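Engineer: Here is a sequence with its predicted model. Questions after.
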Amino acid sequence: MSTPAVHVNLVYLARLREAFGAASERVDLPCGIVTVADLRGFLAERGGAWARELAAGRAVRFAVNHDLADDGAALADGDEVALFPPVTGG
């Protein structure tokens, strides 16, 4: 029996929206992409702006269903995952 596909809705904010050329997209995750860290690596493998913006050491935050999430946060079918740079105020 095969594992059902997991679909997530990605939302790109601030500089990431411009870098990726989209505000959002729906992505079918391959088997094994189960955490925020896995997702970051999967998206970085697209190359180009994806690899640059999501490289290790780049400041990017993730929120799953409107809650800030660390690298180990689990992903579930239908989740909304927002990617955005940290914001500083003044």
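Structural biologist: Ah, there it is.
Engineer: quick one, strands of the protein?
Structural biologist: Per DSSP state E, the chain carries strands over the ranges 6-12, 24-29, 61-64, 67-69, 80-84.
Engineer: and of the ones you listed, who's closest to Ala51?
Structural biologist: strand 80-84 (14.1 Å; Cβ to Cβ). In this view, the C-beta of every residue, glycine as well, is placed from N, C-alpha and C.
Engineer: which residues sit in contact with Arg15?
Structural biologist: Arg15 makes contact with 53, 85 under the criterion Cβ atoms under 8 Å, 6 or more residues apart in numbering.
Engineer: for the chain, what are the low-confidence residue spans?
Structural biologist: 1-4, 88-90 (pLDDT under 70).
Engineer: on that earlier part again, among the strands of the chain, which is nearest Arg40?
Structural biologist: strand 61-64 (7.5 Å).
Engineer: who touches that closest one?
Structural biologist: Here strand 61-64 makes contact (Cβ under 8 Å, 6+ apart) with 36, 39-40, 68-69, 73, 75, 79-86.
Engineer: mind redoing it with 7 Å?
Structural biologist: Outside strand 61-64, the residues that touch it by Cβ atoms under 7 Å, 6 or more residues apart in numbering are 36, 68-69, 73, 75, 79, 81-84, 86.
Engineer: Tell me the buried residues in it?
Structural biologist: Within strand 61-64, the residues that count as buried by 16 or more other Cβ atoms under 10 Å are 62-64.
Engineer: What would that strand look like as PDB? C-alpha coordinates only.
Structural biologist: Output of strand 61-64 as PDB, limited to C-alpha atoms (Å, rounded to 0.1, in the frame of the first residue of the first chain):
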ATOM      1  CA  ARG A  61      11.900  31.900   9.100                       C
ATOM      2  CA  PHE A  62       9.100  29.400   8.700                       C
ATOM      3  CA  ALA A  63       5.600  29.400  10.100                       C
ATOM      4  CA  VAL A  64       3.300  26.400   9.900                       C
END
